[in-house]
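*Asks:* Based on what follows, work out the 3D shape:
(one chain, ligands or ions: 2)
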Amino acid sequence: MAEEKELRYDPAAIEPKWQARWASEPKMYAAEPADCGKPKYYVLEMLPYPSGQLHMGHVRNYSIGDALARHMWMRGYNVLHPMGWDAFGLPAENAALKNNTPPREWTLSNIAAMKVQMDRLGLGYDWAREIATCLPEYYRWNQWFFLRMYEKGLVYRKKSKVNWCPECATVLANEQVVDGCCWRHDTTMVDQRDLVQWFYRITAYAQELLDGLDKLDGWPEKVRTMQRNWIGRSEGTEVDFFLEEQATREQGNEGTGTKGLGTREQGARIRVFTTRVDTIFGATSVQLAPQHALVAEFTAANAELKAQVDELLDQQKKAREAGDLGAIEKHGVPTGRFAINPYNGDRVPIWVANYILADYGTGAIMSVPGHDQRDFEFATKYGLDIRQVIRPVQDGESAELPFCSEDGVLVNSGEFDGMSCTEAQKKLQEIAAGSAFGESKVIFRLKDWGLSRQRYWGTPIPMIHCEQCGLVQVPDEQLPVLLPEQIEITQQGGSPLSRVPDFLNTTCPKCGGAAKRETDTMDTFVDSSWYFYRYTDARNDREPFHPATAQYWFPIDQYIGGVEHAILHLIYSRFWTKVMRDLGLIVNDEPARRLFTQGMVIKDGAKMSKSKGNVVSPDEMIKKYGADATRMYALFAAPPDRDLDWQEDGVAGVSRFLGRVWRLADKYAALARTGRDHEIEAPSGLSLKLLRKLHQTIAKITQDFEGRWHFNTCVAAIMELVNEVQATDGQLAAGEVAAPVVLELLRTLVLLLAPFAPYLAAELWETLGEEGGVLRAPWPQSDPDLAREDELEIPVQINGKLVAVVTVAAGADGKAIESAALADEKVQARMAGKTVAKIVVVPGKLVNLVVK
Ligand SMILES: [Zn+2]
Ligand SMILES: [Zn+2]
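*Replies:* Ligands and ions are numbered 1, 2, ... in the order given. Got it, this is the predicted structure:
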């Protein structure tokens, strides 16, 4: 069986051969200059953290991006398809502790290992543009941006409560706290600590970040919704309630209605934020967050109240840690003090409550139990007044309370009675503004981005603390502030850099005196906020990138990554883009025109993880089945936006399919080659049938690349095509199909395979005697005349049940289809003795007969 053996598809021989050839052509995947005359296409997969091992999630992500990049190359685009490394971060320090390997060494060797894996997969990256964010030539620009943002007031420093992970021994951003725990240590509760921290003023762009989402129609709706909720815009009114002492001194506390409106200029006030100022006549208490400044005043001379408030604080902290602040069981304590409603002079008790958050709005609210569910529950629990001040538009005066709709009319609200809610909101806002006891206000849930980390393996913050001059910027010409390489990593708290005297001690650039460097490093999300701009001009040592070059490539045409980055990376990088635009570096408002979020790769229904022992190694799959089969399976096994349950059988199946393609091409290559330079003449019969299938397949795959991205059905369509060709093996062997048609079939099959199985495509391209690489061969065009069926098979149902299939001309109208159905023998047999009550014809699709 020597011949059998020869015909074995052997990816272990084919793939390394092409890998070596491609390695000798470094320009193969290089993007061309802007003046190349081709339209540009920037396709990008999110850059990985260099852990040292690719996982299947990576393989899937990169197989999608690489298929798209190859398709666009074949479509004649100037494609930018780079790759790099998100190389700062905690695991390098942990590894250093564990193995005594310096973080830089560990990281660089991981990068090298993963690059080998990527090359083996045959991913077409422009490695001349590779970046690693841990290298000074990259992070110096993080420092440069920091200084530019500092100059613009977009960086500031303040003492604040921060999320502290005891395990990481560092600060976490709000976004890195998941259900009260560290995002890296999911069983470690996050503490709150007071620290002086650096912040990026992302809130300055809150409104623009929100508005921009409306225009990002190439992004998944899911991601846009998550960002909208994260930014969390509320429109409302801030109103000052006056502390009673001040009010009584001025004019007593008997005020009702609106007399005395806005006359209380003096004295302490409690500013509340409300989205429903129209209900303010129904306010029956004011409630403060336990951390509110006034609470400290109230408790200073009241030990009992202090103890109660401490308990509320504790409850809030626990709920925050458990991540269910929204579901906290509501508790409160009365302070014994009263506040005066500025609109009607009403005297209402001041409470402290555990569900009022110090960092949302003003940290104080007015409680309107008649028209707010949460306030209603609280008032019911503690016996506070419940007052109706809004009635439904339709149903007369009464309504079941709480009545929370804004579709209502004011009652029991003095001169505002009879106004609609919206009208009253506007009027009451105007009064507050005119009387200086309030104003209309928009607030955001989004907080400024705390970027200080007490870690070693990150970008040093380029600031100097001088006793004479205060905070001093590191001058641009002294950048980069180099991260010292020889450093002992310990588990002591605080910034490791503060224990490196050579780093810490410096001279002040302003006065020349002795000074100390900032020892915090930057959050690693800084690195990934702008890395994709650096790819456009990765070796520039004078600026982060050349503006004109970035302008040519941006925005990214297609960005691909996991949905877990919807909030962190994708909000930060949108912010960074807007800042760079305002610095005059770029002209685009958003980084990426289209975003695709692929599903996870799971195994046996669960996320792959070492602890579950269900990790499938890409290396093992490649060794057994080849890179092409592994990649193609990753695209074939599920629609790319859904989770993919990894089945080794499936990979084996794809490998067998590629083997069939390989044998088919091998068998008919000689015949096909004789068809070169001959026109296909008016095909008919079997040739026409095969060409029709071919052109239908071209149309389907082309269409999928343009929008739907159902690569699983693309691969299935290629399989169908191969099945159909193989089914005619006998006739092919007998020479019933002309050589030019065989060439057209095989050649096009290889072109269609090229984005999915690049190694096999390259091999077969050569087998067919084609010149030049398949990567730059033009993508095939579907001929609509050839693709069109001249006959259609139409299923015929009786009472919803399939009984026959009739063949009609492709353009047949309803009447013709109906007669063909009624003329069918099987249909007639089923209808014997019955009458047709109704005939439904869906032209081109279906006939249904309703028969009695
Ligand atoms: Zn942690
Ligand atoms: Zn100084």
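
*Asks:* Tell me which stretches of the stretch 401-550 of the chain form strands.
*Replies:* For the stretch 401-550 of the chain, applying DSSP state E, counting those that start in this stretch gives strands covering 408-410, 438-444, 449-450, 452-453, 463-466, 470-473, 505-507, 514-517, 521-522.

*Asks:* Now render these as JSON lines, adding mean pLDDT.
*Replies:* JSON lines is the format used below for the strands of the stretch 401-550 of the chain (pLDDT from 0 to 100):
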{"stretch": "strand 408-410", "mean pLDDT": "94"}
{"stretch": "strand 438-444", "mean pLDDT": "93"}
{"stretch": "strand 449-450", "mean pLDDT": "93"}
{"stretch": "strand 452-453", "mean pLDDT": "91"}
{"stretch": "strand 463-466", "mean pLDDT": "98"}
{"stretch": "strand 470-473", "mean pLDDT": "97"}
{"stretch": "strand 505-507", "mean pLDDT": "97"}
{"stretch": "strand 514-517", "mean pLDDT": "98"}
{"stretch": "strand 521-522", "mean pLDDT": "96"}
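
*Asks:* Which of these sits closest to ligand 1?
*Replies:* Of all the strands of the stretch 401-550 of the chain, strand 452-453 sits nearest to ligand 1, with 11.5 Å by CB to the ion. Every residue, glycine included, has its C-beta placed from N, CA and C.

*Asks:* any bit of the closest one sitting next to ligand 1?
*Replies:* No: counting by CB under 5 Å from the ion, ligand 1 has no neighbours in strand 452-453; the shortest distance is 11.5 Å.

*Asks:* From the contact counts, what lies against that strand?
*Replies:* The helices and strands touching strand 452-453, judged by 3 or more CB pairs under 8 Å, 6 or more residues apart in numbering; DSSP states H and E, are strand 170-172, strand 191-200, strand 521-522.

*Asks:* ranking the ones you listed by mean pLDDT, which is last?
*Replies:* Across the helices and strands packed on strand 452-453, strand 170-172 has the smallest mean pLDDT, namely a mean of 80.

*Asks:* what bits of the stretch 251-400 of the chain have low per-residue confidence?
*Replies:* Residue ranges of the stretch 251-400 of the chain with pLDDT under 70: 251-267, 323, 395-397.

*Asks:* redo that, cut-off 80
*Replies:* Confidence mapping of the stretch 251-400 of the chain against pLDDT under 80 gives the ranges 251-267, 320-326, 394-399.

*Asks:* Burial check on residue 293, number of neighbours?
*Replies:* With neighbours defined by other CB atoms under 10 Å, the count for residue 293 comes to 12.

*Asks:* quick one: it from residue 285, how far?
*Replies:* Separation of residue 293 from residue 285 (CB to CB, to the nearest Å) stands at 19 Å.

*Asks:* next one: residue 414
*Replies:* 20 Å.

*Asks:* out of the two, which sits in the more crowded spot?
*Replies:* In this view residue 414 and residue 285 are compared by other CB under 10 Å, and residue 285 has more residues nearby, 24 against 15.

*Asks:* Identify the residues contacting the more buried one.
*Replies:* 348, 349, 350, 351, 366, 367, 379, 384 (CB atoms under 8 Å, 6 or more residues apart in numbering).

*Asks:* Pull the number of nearby residues for the last one.
*Replies:* Here the number of neighbours of residue 384 (other CB under 10 Å) works out to 20.

*Asks:* Also residue 473?
*Replies:* 16.

*Asks:* On the strand side of things, show who it bridges to.
*Replies:* Applying DSSP bridges to residue 473 yields these beta-bridge partners: residue 463.

*Asks:* Hmm, it is touching residue 463, no?
*Replies:* Yes: with contact defined as CB atoms under 8 Å, residue 473 and residue 463 form a contacting pair (6.3 Å).

*Asks:* Overlap of the contact sets of those two?
*Replies:* residue 150.

*Asks:* about what we covered before: can you tell me which of the helices and strands packed on strand 452-453 is most buried?
*Replies:* Ranked by mean neighbour count under mean count of other CB atoms under 10 Å, the helices and strands packed on strand 452-453 are led by strand 521-522, which reaches a mean of 25.

*Asks:* Quick check: the closest residue to residue 606 other than its chain neighbours vs ligand 1, distance?
*Replies:* Leaving aside its sequence neighbours, residue 606 sits nearest to residue 612 (CB to CB, 6 or more residues apart in numbering; 5.7 Å). Residue 612 sits 21 Å away from ligand 1, taking CB to the ion, to the nearest Å as the criterion.

*Asks:* and residue 612, how many neighbours does it have?
*Replies:* Neighbour tally, residue 612, other CB under 10 Å: 11.

*Asks:* so which residue of the stretch 301-450 of the chain comes closest to ligand 1?
*Replies:* Closest residue of the stretch 301-450 of the chain to ligand 1, CB to the ion: residue 321 (13.5 Å).

*Asks:* Am I right that that residue is in contact with residue 187?
*Replies:* No: in this structure, residue 321 is not within contact of residue 187 by CB under 8 Å, at 11.9 Å.

*Asks:* Okay, strands next: where are they in the stretch 201-350 of the chain?
*Replies:* Applying DSSP E, counting those that start in this stretch to the stretch 201-350 of the chain gives strands spanning 233-243, 269-274, 285-288, 332-340, 347-353.

*Asks:* what's the next secondary structure element after the helix or strand hosting residue 15?
*Replies:* Element membership of residue 15, judged by DSSP states H and E, is helix 11-23. Next along the chain after helix 11-23, taking DSSP H and E as the criterion, comes strand 40-45.
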